[in-house]
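Undergrad: with the sequence up front, the predicted model follows.
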Amino acid sequence: MQDESVAILVPFSRWSDWVGDCVRACGRLQGATAAWELWLIPDEMPDTEHVRQAQEWAAPLQVMWEPTGPANPSRKRNAALKKTKASRIALVDSDAWPASDWLSQALPHLRGKVGIVAGPNLTPDHDALTRRVCGRVMESKLGFGDAYIRHICAPMQDVREMPTCNMVYRRAPEINFREDLDTGEDMVFCADMRARGQRILYHPGVRVYHHRRSLWRPFYMQFYGYGFHKGQLQRQKSDIAYWWQAMPALLTIYLVAASVLTFVLPYPWQYCVWGPGLLYAALVGIESARRARDPIEFLVAMPAFLVGHVGYGTGYIKGFLSRGTQS
């Protein structure tokens with residue numbers, strides 16, 4: 001008999017309305033049976049009313065709780081993996097929620113050499129403007145490099161890596177998440193799976209909807225974290241660090257240098273250094289107009305591109321210069 005077991009893992013710090021939305025969506029999944037488990041992995045158990053609501057909203061899934069104390073997502077997921085016997089694992093973040101056909105789209109493809117099926121995490125249309133524009137940056141190749149397909153519905157294809165906010169995989173007991181990594185653990189996990197001959201399939205129908213960080217500081221810090229991790233990997237010559245990921249760092253260095261030269265060079269040369277900057281601004285303007293859904297989004301998306309790029313670039317430089325041992 002085919003093993004129908006599935007464990008859905010949702011790590012989070014404390015109960016929130018967004019966690020509740022995720023639990024409700026899991027309860028609406030097509031094909032859900034009592035053989036499916038929903039693992040809720042908080043720092044501490046919430047109050048009895050939230051525990052009751054989770055059980056009610058998630059039915060017919062079995063709701064399993066695994067309080068871990070303060071821990072990063074890797075430690076939380078590994079804690080649940082040690083206890084579940086499910087052969088197929090589905091990962092979604094607590095600030096996201098899956099489409100009703102999320103697993104019915106993904107599970108049939110977990111066969112042969114396909115070890116991971118993942119898809120886009122899309123920006124919710126009803127999010128606040130300051131969150132939606134950050135999503136527009138992440139949907140753009142100019143804004144997010146080749147990883148932009150993680151945020152749009154692109155054609156089905158094999159990929160090297162996908163994030164754990166939307167990932168379904170066949171369990172490999174010898175592969176767990178690197179608990180020493182606060183970010184980038186999903187990329188290392190994908191590399192470990194590929195090293196064992198497993199394919200990673202991107203499927204546009206395997207969708208979740210993911211709240212974005214808000215402009216300004218939260219979005220900056222999110223991209224700073226991404227850049228810091230990639231800078232460390234580049235320093236270590238990792239095979240999951242790519243040349244294009246250094247572009248925001250070069251942009252950041254250029255912006256600092258141009259700002260200094262403006263006060264050093266004589267007229268009119270002080271203004272000539274901004275030629276590349278004007279080209280960048282034009283490209284951002286064109287891309288903002290292409291991705292924005294309305295004129296207000298267009299106006300706010302333009303500075304959002306700069307915030308994301310400078311945040312990533314600053315983090316990349318700091319990570320590259322650090323002597324950390326993450327890999």
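TA: Ah, there it is. Numbers count the residues shown, from 1 in each chain.
Undergrad: from here on, just use CA atoms for contacts and neighbour counts.
TA: Noted.
Undergrad: so L40 is in which element?
TA: Using DSSP states H and E, L40 falls within strand 36-41.
Undergrad: what does M193 give?
TA: Using DSSP H and E, the element containing M193 is helix 185-195.
Undergrad: cool, and L201?
TA: Here L201 is covered by strand 199-202, with elements defined by DSSP H and E.
Undergrad: other residues contacting the strand holding L40?
TA: By CA atoms under 8 Å, 6 or more residues apart in numbering, the residues outside strand 36-41 that reach it are 4-13, 26, 58, 61-68, 76-77, 80.
Undergrad: repeat that for stretch 72-91.
TA: 3, 5-12, 39, 41, 66, 68, 164-171, 176-179, 181-182, 185.
Undergrad: weed out the non-buried ones from the residues you listed.
TA: Buried members of those, counted by 16 or more other CA atoms under 10 Å: 5-12, 39, 41, 66, 68, 164-171, 176-179, 181-182, 185.
Undergrad: where along the stretch 201-327 of the chain do the helices fall?
TA: 217-235, 247-264, 269-272, 275-291, 295-321 (DSSP state H, counting those that start in this stretch).
Undergrad: pull the distance from the fourth one to the chain's centre.
TA: Relative to the centre of its chain, helix 275-291 is centred 25 Å away, using CA atoms, centre = their mean, to the nearest Å.
Undergrad: just how off-centre is the strand holding L40 within its chain?
TA: In terms of CA atoms, centre = their mean, the gap separating the centre of strand 36-41 from the centre of its chain is 20 Å.
Undergrad: contacts for the next helix or strand after it?
TA: Toward the C-terminus, strand 36-41 is succeeded by helix 48-58 as the next helix or strand (DSSP H and E). Outside helix 48-58, the residues within contact range by CA under 8 Å, 6+ apart are W15, G20, V23, R24, A25, C26, G27, R28, L38, Q62, V63.
Undergrad: sec struct for the third one, please.
TA: Applying DSSP: H, G, I helix; E, B strand; the rest coil to V23 yields a three-state assignment of helix.
Undergrad: what is the burial count for it?
TA: Other residues near V23 come to 27 when the count uses other CA atoms under 10 Å.
Undergrad: and the gap between it and L261?
TA: Going from V23 to L261 by CA to CA, to the nearest Å gives 54 Å.
Undergrad: now do the second one
TA: According to CA to CA, G20 and L261 sit 52 Å apart.
Undergrad: follow-up on the earlier one: state the mean pLDDT of the strand holding L201.
TA: The pLDDT scores in strand 199-202 average 98.
Undergrad: try stretch 318-327
TA: Looking at stretch 318-327 alone, the average pLDDT works out to 72.
Undergrad: picking up where we left off before, in helices only, show me the contacts of strand 36-41.
TA: Using DSSP state H, the members of the contacts of strand 36-41 that fall in helices are C26, A58, K76, R77, A80.
Undergrad: state the pair within those residues that is farthest apart.
TA: Maximum pairwise distance among the ones in helices among the contacts of strand 36-41 (CA to CA): 20.0 Å, between A58 and K76.
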